[in-house]
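Visitor: Fold the following and give me the result.
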Amino acid sequence: MKNQLKKYSQSAFLFLMTMFFSVAAFAQDGGLDIDINVGKKEWYQQPWAWVVGGALFVLILVALLRKKR
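Guide: This is a model prediction of the structure:
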C-alpha cells in the first residue's frame, strides 16, 4: 500500500511540475508585434536617388582617373 501511494505521489508531482513548466513557457511568449511601414519612404530608399548618386559617382571617378595630357 505504501509503495503504491509513493508511486501515485511521484506521478502527481511529475504531472504538476510538467504543467508548471508548460505554463511558465507559455507565459514567456510575448507575441510578435511587427510594424512594416510600406507607404512612407525616405529619400535614400527611393530608386531615383540611387541612380542619380551612382551617375554622380561614376562622373567623379572618371574625372579623377582621367589624365590630362
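Visitor: now stretch 15-34, how far from the centre of its chain.
Guide: 20 Å (C-alpha atoms, centre = their mean, to the nearest Å).
Visitor: in which helix or strand would I find the residue lying closest to residue 43 once chain neighbours are set aside?
Guide: Of all residues not flanking residue 43 in the chain, residue 49 sits nearest, at 5.5 Å (C-beta to C-beta, 6 or more residues apart in numbering). Placement of C-beta: from N, CA and C, glycine included. Assigning secondary structure by DSSP states H and E places residue 49 in helix 47-65.
Visitor: And that helix, what's buried?
Guide: The neighbour-count check on helix 47-65 (16 or more other C-beta atoms under 10 Å) flags nothing as buried.
Visitor: Give me the helices and strands touching that helix, please.
Guide: Using 3 or more C-beta pairs under 8 Å, 6 or more residues apart in numbering; DSSP states H and E as the contact test, no helix or strand touches helix 47-65.
Visitor: Could you shift the numbering so residue one becomes 59, and keep it that way?
Guide: Taking 59 as the first residue, the last one we looked at is helix 105-123.
Visitor: Any chance you could give me it in CSV, C-alpha atoms only?
Guide: C-alpha atoms of helix 105-123 as CSV (Å, rounded to 0.1, in the frame of the first residue of the first chain):
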residue,chain,number,x,y,z
PRO,A,105,15.4,54.3,-56.7
TRP,A,106,15.9,57.6,-58.4
ALA,A,107,18.3,58.7,-55.6
TRP,A,108,20.5,55.6,-56.1
VAL,A,109,20.5,56.2,-59.9
VAL,A,110,21.5,59.9,-59.5
GLY,A,111,24.0,59.0,-56.8
GLY,A,112,25.6,56.3,-59.0
ALA,A,113,25.8,58.5,-62.0
LEU,A,114,27.5,61.3,-60.0
PHE,A,115,29.9,58.7,-58.5
VAL,A,116,30.8,57.5,-62.0
LEU,A,117,31.3,61.0,-63.3
ILE,A,118,33.6,61.9,-60.4
LEU,A,119,35.5,58.7,-60.7
VAL,A,120,36.1,59.3,-64.4
ALA,A,121,37.1,62.9,-63.8
LEU,A,122,39.6,61.8,-61.1
LEU,A,123,41.1,59.0,-63.1
